[in-house]
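> This is a predicted model, with the sequence first.
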There are 4 protein chains.
Amino acid sequence: MKNIQNTIDKVYYECLELKQKGEVASYIPELAKVDPNLFGAALITSNGTIYGIGDYQKKFSMQSVSKVCILIQAILDSGHEKVFKKVNIEPTSSSFNSIANLELKEDNKPLNPFINAGAIVCTSFIKGDTSEEKVQRIISLIKNITGNDDITYDKNVYQSEASTGSRNKSLAYYMNSTGVLEGDIEVILDAYFKICSIEVTCEDLAKIALSIAHNGMNLNGFSIFSSIVAKELRAIMCLCGMYDGSGEFALRVGLPSKSGVGGGIMSVSLDNDGMGIGVFGPSLDSKGNSYLGIAFLEKLTTELGISLFE
Amino acid sequence: MKNIQNTIDKVYYECLELKQKGEVASYIPELAKVDPNLFGAALITSNGTIYGIGDYQKKFSMQSVSKVCILIQAILDSGHEKVFKKVNIEPTSSSFNSIANLELKEDNKPLNPFINAGAIVCTSFIKGDTSEEKVQRIISLIKNITGNDDITYDKNVYQSEASTGSRNKSLAYYMNSTGVLEGDIEVILDAYFKICSIEVTCEDLAKIALSIAHNGMNLNGFSIFSSIVAKELRAIMCLCGMYDGSGEFALRVGLPSKSGVGGGIMSVSLDNDGMGIGVFGPSLDSKGNSYLGIAFLEKLTTELGISLFE
Amino acid sequence: MKNIQNTIDKVYYECLELKQKGEVASYIPELAKVDPNLFGAALITSNGTIYGIGDYQKKFSMQSVSKVCILIQAILDSGHEKVFKKVNIEPTSSSFNSIANLELKEDNKPLNPFINAGAIVCTSFIKGDTSEEKVQRIISLIKNITGNDDITYDKNVYQSEASTGSRNKSLAYYMNSTGVLEGDIEVILDAYFKICSIEVTCEDLAKIALSIAHNGMNLNGFSIFSSIVAKELRAIMCLCGMYDGSGEFALRVGLPSKSGVGGGIMSVSLDNDGMGIGVFGPSLDSKGNSYLGIAFLEKLTTELGISLFE
Amino acid sequence: MKNIQNTIDKVYYECLELKQKGEVASYIPELAKVDPNLFGAALITSNGTIYGIGDYQKKFSMQSVSKVCILIQAILDSGHEKVFKKVNIEPTSSSFNSIANLELKEDNKPLNPFINAGAIVCTSFIKGDTSEEKVQRIISLIKNITGNDDITYDKNVYQSEASTGSRNKSLAYYMNSTGVLEGDIEVILDAYFKICSIEVTCEDLAKIALSIAHNGMNLNGFSIFSSIVAKELRAIMCLCGMYDGSGEFALRVGLPSKSGVGGGIMSVSLDNDGMGIGVFGPSLDSKGNSYLGIAFLEKLTTELGISLFE
């Protein structure tokens, strides 16, 4: 393995020279305010050493990256069987907020836990009678994994999500009408919006990714979730983690990953006894994935030779 | 024209002998309680004479028949242009509560005002800041047309609709997310549920139908809506009035009509200087139309030779 | 009824002043050669008097207008039951050559006989082992109705259709794979291409329309098809005759009609003991209907007050 | 690594005890004749040692497993750019012969090279003016990889495919109508049917898989295709290789694989300097994948710990 810090630096500066494409997510007003020039990355190795560059300690909103944590907590709280009775695990060529498949597919179930519909169902399986209880369980999970006690959700982003969350409401009520989603829909949606608004840094994402590489264990050696769940996450992230851009991403990068429209991407590597990577760049491509984030990961995996498919 | 009362009686008793098929709507619990054996019909001629049979003065819930009144009031309150900028006027082969087309069609607009999505958009164009104001405008409209001051909505049915209205919420929030539906969504939905719960008799439906035949004029000669709107209603009812069963209905019956899952059907005839027909039978076929209602109308139009396509 | 020739003339010249929109069909190369400035119309009254204007005796290719004749002949040759076991009669909001519904609808059947898929199925129900036998049956039908012994199909247009007919092949083979279309697919398709290439004039179309108004009788008083079929045609033409523009057409024109991408429209009126109308203008709107043809019919039905919904 | 022969034997006999589910493919009559009790597997290690069990030297028809060879040859003959300009590389939740997406997706392109539509497009990029020339290029490719000079296609299966290939014709002509597929469609389809009918053994599949693990090199050390193509194949096989069952397969097995309705599955492992696996069991699950084949691979990867996601 090459010198990691040098490699990260080199790749980072190559990306900076790219003519910037993509646009900051605008459908959530609060996200549109984020500086499009931010760019950072962090990589954590098996022994816990952190390599960072650029804005890697800058906080940003998890958005869909949180879907990984939602799935972990749903399984911890309600068990595999209950969760996967309501959510399939197949990749999809439709966009993350598509509703047509919920009607056209015979079983009306979301295709996987990493599109909005699937993550909303998973949120219903997180314990808690109020949205605050549910979001606090996710925040605790992230604290337990990262050791970062500062984790919280951004109230402005949450308000912005909630006030522009019509598409997610539509998905939730549709699934309620077909019996796929049960419980207090407004509580579930409110929890979902809060969870999407949780703030993390590239360093936090790298640590979560490392726990997935390390079969559910955090840096202190505590088992936060089972190795079975960790293996499943790696598979589902590989096939479904980048929305309808998962296929191209597998060819270009080849790491189990999850992106969010906040500009973050979290990637898991099993090489070198496990590594975790977090990248952040708020300008998005047409499928909602960080433009610079993918460019960085493509160059990095090529340099380090760590694609799953290498 | 044959003796109308005799014809109605004959057709009615022929229908009674049909082996009853279909089932009372069950997805709205309050509707499931309706006696499946109820059956009535009323026909009003141009001069106001009413011919009735069976349970023709029994009240039932308008449900989708109200979509005709919603469209009238929307145009009265906001004008053609505004309404038809947001709702198309094309028939559809999808079911009345389908959501897939809202995503798959490029303009995201409901295909016509007589599917749920279209009627919800029309409800947004009815004046009123509260759901009560909106429903009262529809009730006034019906009172003005029918002269029946007893018109009101059934609070139990309304509660039942509201508490099981997830699919309609899904449609509304979807359209809100694409900019097709604007305003306070919960107020619009609440109004929609109340309007669906308005109670009428076959006689009331016949009178509304007559006003559509009479270019918007009620029995007292007052113009309630314009002849242009009346003509449009006749066309849209003919093409889109029976959900995705409109084609077969045109062949079997051939009158501009609108059905509801409460078991009512309202039909307009331009023969004999205009006639209005209301039928009620709560058992529904697979497309949500009154089984006995269609049978009655098929026999009646055949006997009287009043199909548009005759 | 106003003086018909005067009305036709007036409406014709008003249309000529319209700033021409639309484009001649280009996907069939031979059709793209047609002069976009051609424009003609003919109306035939109950007693056989013909009123014509402009290029009303100019031959053009029937294209989808032939779907009406295909349906008549299919029913004559194989009977209602067989035909409607394989083709539904519901209008559709999808375009005339859409294939998605064949997969997404549970029964895999074409939605109606006036979209390509439906007409291809109907062609399979026309007697004949060769495509020539099948097309000759349609040509005979048209000769019998119109008394015009010159009817033939245009071999250049046919060749052009056949060599660019991939979409129709796709529809046919799809239906063959689901068991909806049986027989020698290439023969059926070849017949379909030939039938689409049959040449007619506005006068011919008017005469066919009149036979539909006259319950299947031609001008000499011979019954060519049954009154039941005639009534069905009027209903299906009203709901499905203008592709996915049928709703708007019902409001603007309100006559059972069938259009073709050759620029022809054939319309049936039951007023004045029956009238038939044929219009021709090769520039098409976005849905494949004659731009000037619809304009002419809209003005004409308004002037004469003969909309079904008037 | 455990003793491979012992592991294979153990897993094989465990699978034999499974209550047999699934059914032999019946839509291609010739395939329906295959003995459902056949079951075999072969694994080849990096140095060329072959471990086999059961019917591992029994010939069977490649069917969709050949899509991998088609993609290789298409790229060899026409280059990446040309091929991927016409075929996407995204997984899909639709079945392997679905046509709806070709219409509903804006670019009309097949979602990936491993569904029928995509493989037909790739076949058009294989050199050759006749179907025989095209199929011989694939046969040569397989001979070059496996060293097996007996490779040929089964003429009975080919005839059976060709005579029941309506769905594939439909896909091909649809793509021709949108400009995605060019050339002589009947030649392309004929080649596709012949290629699907190529006969191989588990041993052959294992060798092809090994060449994919070995970056395109065959057992004699000759480079048959580039390492870039090999890496791409591993990624696409992982995401799209098992039709709409790819997600569940990734969790259960976790190896880049390709299945066929002939009952074969070919799997690539990068562990132990590369291994290739071929399995054969003609009874299929509801998604068209070998029931016993998946069971075998699940147990094998668990025993050997060679899932990509382990």
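That came in fine, so what should we check first?

> host element of residue A:205?
Element membership for residue A:205 (DSSP states H and E) is helix A:202-213.

> quick one: that helix near chain D?
No: residues of helix A:202-213 are not located near chain D by C-beta under 8 Å from any C-beta of the partner chain, the shortest gap being 10.2 Å. C-beta coordinates here come from the backbone N, C-alpha and C atoms, glycine included.

> So the closest residue to chain C within the stretch 151-300 of chain A versus residue A:85, what's the distance?
Distance from chain C to each residue of the stretch 151-300 of chain A (C-beta to the nearest C-beta) is smallest for residue A:178, at 16.9 Å. Distance, residue A:178 to residue A:85, using C-beta to C-beta, to the nearest Å: 14 Å.

> on that earlier part again, what separation do you get for the residue of the stretch 151-300 of chain A closest to chain C and chain D?
Distance from residue A:178 to chain D, counting by C-beta to the nearest C-beta, to the nearest Å: 17 Å.

> Can you name the residues of the stretch 151-300 of chain A sitting close to chain D?
A:231-232, A:234-236, A:238-240, A:244-248, A:250-251, A:254, A:256, A:270.

> for the stretch 101-250 of chain A, what spans make up the helices?
For the stretch 101-250 of chain A, the helices defined by DSSP state H, counting those that start in this stretch occupy A:116-124, A:131-146, A:155-163, A:166-177, A:185-196, A:202-213, A:227-240, A:246-252.

> Including distance to residue D:184 and mean neighbour count, could those helices go into a markdown table?
Below are the helices of the stretch 101-250 of chain A laid out as a markdown table (distance: least, C-beta to C-beta, whole Å; neighbours: other C-beta atoms under 10 Å in any protein chain shown):
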| stretch | distance to residue D:184 | mean neighbour count |
| --- | --- | --- |
| helix A:116-124 | 43 | 27 |
| helix A:131-146 | 58 | 20 |
| helix A:155-163 | 54 | 18 |
| helix A:166-177 | 46 | 24 |
| helix A:185-196 | 52 | 23 |
| helix A:202-213 | 50 | 28 |
| helix A:227-240 | 36 | 23 |
| helix A:246-252 | 30 | 23 |
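
> Serialize these to a markdown table and add fields for distance to residue B:68 and mean pLDDT.
Below are the helices of the stretch 101-250 of chain A laid out as a markdown table (distance: least, C-beta to C-beta, whole Å; pLDDT from 0 to 100):
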| stretch | distance to residue B:68 | mean pLDDT |
| --- | --- | --- |
| helix A:116-124 | 34 | 98 |
| helix A:131-146 | 41 | 98 |
| helix A:155-163 | 34 | 95 |
| helix A:166-177 | 25 | 97 |
| helix A:185-196 | 31 | 98 |
| helix A:202-213 | 55 | 98 |
| helix A:227-240 | 45 | 97 |
| helix A:246-252 | 47 | 96 |
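
> hang on, the earlier thing: residue A:178 and residue A:85 - which one has more neighbours?
Higher neighbour count among residue A:178 and residue A:85: residue A:178, with 15 against 11, using other C-beta atoms under 10 Å in any protein chain shown.

> Can you say which of the helices of the stretch 101-250 of chain A is nearest to chain B?
Ranking the helices of the stretch 101-250 of chain A by proximity to chain B (C-beta to the nearest C-beta) places helix A:166-177 first, at 3.8 Å.

> Which other helices and strands does that closest one contact?
Helices and strands touching helix A:166-177, as assessed by 3 or more C-beta pairs under 8 Å, 6 or more residues apart in numbering or on different chains; DSSP states H and E, comprise helix A:100-104, helix A:116-124, helix A:185-196, helix B:166-177.

> Tabulate these (CSV), appending distance to residue B:119.
Shown next, in CSV, are the helices and strands packed on helix A:166-177 (distance: least, C-beta to C-beta, whole Å):
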stretch, distance to residue B:119
helix A:100-104, 19
helix A:116-124, 25
helix A:185-196, 22
helix B:166-177, 9
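
> quick one on the thing from earlier: and the gap between the residue of the stretch 151-300 of chain A closest to chain C and residue A:34?
36 Å.

> what does residue A:183 give?
Taking C-beta to C-beta as the measure, residue A:183 falls 32 Å from residue A:34.

> Looking at the two, which one has more neighbours?
residue A:34 (19 against 12).

> Distance of residue A:275 relative to residue A:42?
Distance from residue A:275 to residue A:42, by C-beta to C-beta: 11 Å.

> Could you list the contact residues of the stretch 151-300 of chain A toward chain B?
So the stretch 151-300 of chain A meets chain B at A:166, A:167, A:169, A:170, A:171, A:172, A:173, A:174, A:176, A:177, A:185 (C-beta under 8 Å from any C-beta).

> can you tell me how far the third one sits from residue A:163?
According to C-beta to C-beta, residue A:169 stands 11 Å off from residue A:163.

> repeat for the fifth one
Between residue A:171 and residue A:163 the distance, using C-beta to C-beta, works out to 17 Å.

> same deal with the last one?
Taken as C-beta to C-beta, the spacing of residue A:185 relative to residue A:163 amounts to 17 Å.

> same thing with residue A:102?
For residue A:102, the distance to residue A:163 equals 24 Å [C-beta to C-beta].

> could you say which helix or strand contains residue A:51?
Going by DSSP H and E, residue A:51 is in strand A:50-54.

> Report the next helix or strand after that strand in sequence order.
Sequence order places strand A:60-61 as the next helix or strand after strand A:50-54, per DSSP H and E.

> which ones are touching the residue most central in space within chain A?
Nearest to the geometric centre of chain A sits residue A:65, at 1.5 Å (C-alpha atoms, centre = their mean). The contact partners of residue A:65, taken as C-beta atoms under 8 Å, 6 or more residues apart in numbering or on different chains, are A:200, A:205, A:258, A:259, A:260, A:262, A:264, A:265, A:266.

> The residue nearest to the fifth one when sequence neighbours are not counted: what's it in contact with?
Once flanking residues are discounted, residue A:260 sits nearest to residue A:63: 3.3 Å by C-beta to C-beta, 6 or more residues apart in numbering or on different chains. Taking C-beta under 8 Å, 6+ apart as the contact definition, residue A:63 lies against A:25, A:31, A:196, A:260, A:261, A:262, A:264.

> Keep only those of those that are in strands.
Residues of the contacts of residue A:63 located in strands (DSSP state E): residue A:264.

> now the contacts of residue A:63 as JSON lines including distance to residue D:124?
Shown next, in JSON lines, are these (distance: C-beta to C-beta, whole Å):
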{"residue": "A:25", "distance to residue D:124": "39"}
{"residue": "A:31", "distance to residue D:124": "43"}
{"residue": "A:196", "distance to residue D:124": "44"}
{"residue": "A:260", "distance to residue D:124": "39"}
{"residue": "A:261", "distance to residue D:124": "38"}
{"residue": "A:262", "distance to residue D:124": "42"}
{"residue": "A:264", "distance to residue D:124": "41"}
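
> Lowest-confidence one in the contacts of residue A:63?
Looking at those by pLDDT, the weakest one is residue A:25, with 82.

> Over to it: give its phi and psi.
As for residue A:25, its main-chain torsions (degrees, to the nearest 10) stand at phi -50, psi 130.

> tell me the mean pLDDT for the strand holding residue A:51?
On average, strand A:50-54 scores 97.

> and the direction of that strand versus that of helix A:202-213, what angle?
140 degrees (axes from the mean of the first three to the mean of the last three C-alpha atoms, to 10 degrees).

> strand partners of strand A:50-54, parallel vs antiparallel please.
If you go by DSSP bridges, strand A:50-54 pairs up with strand A:40-44 (antiparallel).

> May I see the buried residues of the strand it pairs with?
By 16 or more other C-beta atoms under 10 Å in any protein chain shown, the buried positions in strand A:40-44 come out as A:40, A:41, A:42, A:43, A:44.

> can you tell me which two in these are farthest apart?
Greatest spatial distance among the buried residues of strand A:40-44 (C-beta to C-beta): A:40 and A:44, at 13.8 Å.

> Report how many residues lie close to whichever residue of chain A sits closest to chain C.
With C-beta to the nearest C-beta, the shortest gap between chain A and chain C falls at residue A:104, namely 6.2 Å. Around residue A:104 there are 20 other residues, counting by other C-beta under 10 Å.
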